[in-house]
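Visitor: no FASTA, just this:
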């Protein structure tokens with residue numbers, strides 16, 4: 001091999017910028033009404049941290065629950081509100097390099113009483 005070829009290769013590798021490894025998080029949102037239909041799902045992100053993605057997933061659940069309260073049949077009790085969500089609501093999952101435990105259904109169980117009572121206003125658009 002010629003010396004010119006070697007110096008060009010060394011220069012190529014020397015000029016390459018350092019690759020910064022950063023973790024990215026996404027939220028994949030499924031539709032409970034279209035269970036197991038990938039074409040009805042969508043993905044948001046990337047988010048800079050697991051906590052940011054987790055908050056985005058909570059926002060999706062909160063908005064879906066508030067929407068089901070307003071647009072579906074008016075729920076008379078918490079069980080009916082939760083049932084409506086589980087039938088028609090958005091079901092987000094946090095995706096990333098490291099697993100993040102989040103259950104939309106469990107989160108709905110936590111916040112449904114406050115939503116039905118009109119005391120829950122934290123959802124972001």
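Guide: In hand now; what should we look at? The structure presented is a predicted model; accordingly, all values stated were derived computationally and were not measured.
Visitor: host element of the residue lying closest to residue 94 once chain neighbours are set aside?
Guide: With Cβ to Cβ, 6 or more residues apart in numbering as the criterion, residue 94 has its nearest non-adjacent residue at 4.1 Å, and that residue is residue 100. No exception for glycine: its C-beta is placed from N, CA and C like everyone else's. With the criterion set as DSSP states H and E, no secondary-structure element contains residue 100; it sits in neither a helix nor a strand.
Visitor: isn't residue 100 right up against residue 52?
Guide: No - at 10.8 Å, residue 100 does not count as touching residue 52 under the criterion of Cβ atoms under 8 Å.
Visitor: separation between residue 59 and residue 115?
Guide: Taken as Cβ to Cβ, to the nearest Å, the spacing of residue 59 relative to residue 115 amounts to 14 Å.
Visitor: okay, the two: which has more neighbours?
Guide: A count of neighbours by other Cβ atoms under 10 Å puts residue 115 above the other of residue 59 and residue 115, at 23 against 17.
Visitor: mind listing what the more buried one touches?
Guide: Taking Cβ atoms under 8 Å, 6 or more residues apart in numbering as the criterion, residue 115 is in contact with 62, 65, 66, 69, 81.
Visitor: nearest to residue 31, of those residues?
Guide: Nearest to residue 31, judged by Cβ to Cβ, of the contacts of residue 115 is residue 65 at 14.1 Å.
Visitor: so the closest one makes contact with residue 85?
Guide: Yes - taking Cβ under 8 Å as the contact criterion, residue 65 and residue 85 are neighbours in contact, 5.3 Å apart.
Visitor: ramachandran angles for the spatially most central residue of the chain?
Guide: Closest to where the C-alpha atoms of the chain average out (Cα atoms, centre = their mean) is residue 27, at 2.4 Å. Dihedral pair for residue 27: phi -120, psi 120, per degrees, to the nearest 10.
Visitor: how close does it get to residue 65?
Guide: 16 Å.
Visitor: give me the helices and strands touching whichever helix or strand residue 84 is part of, please.
Guide: When elements are defined using DSSP H and E, residue 84 is found to belong to helix 78-88. The helices and strands touching helix 78-88, judged by 3 or more Cβ pairs under 8 Å, 6 or more residues apart in numbering; DSSP states H and E, are helix 50-71, helix 104-116.
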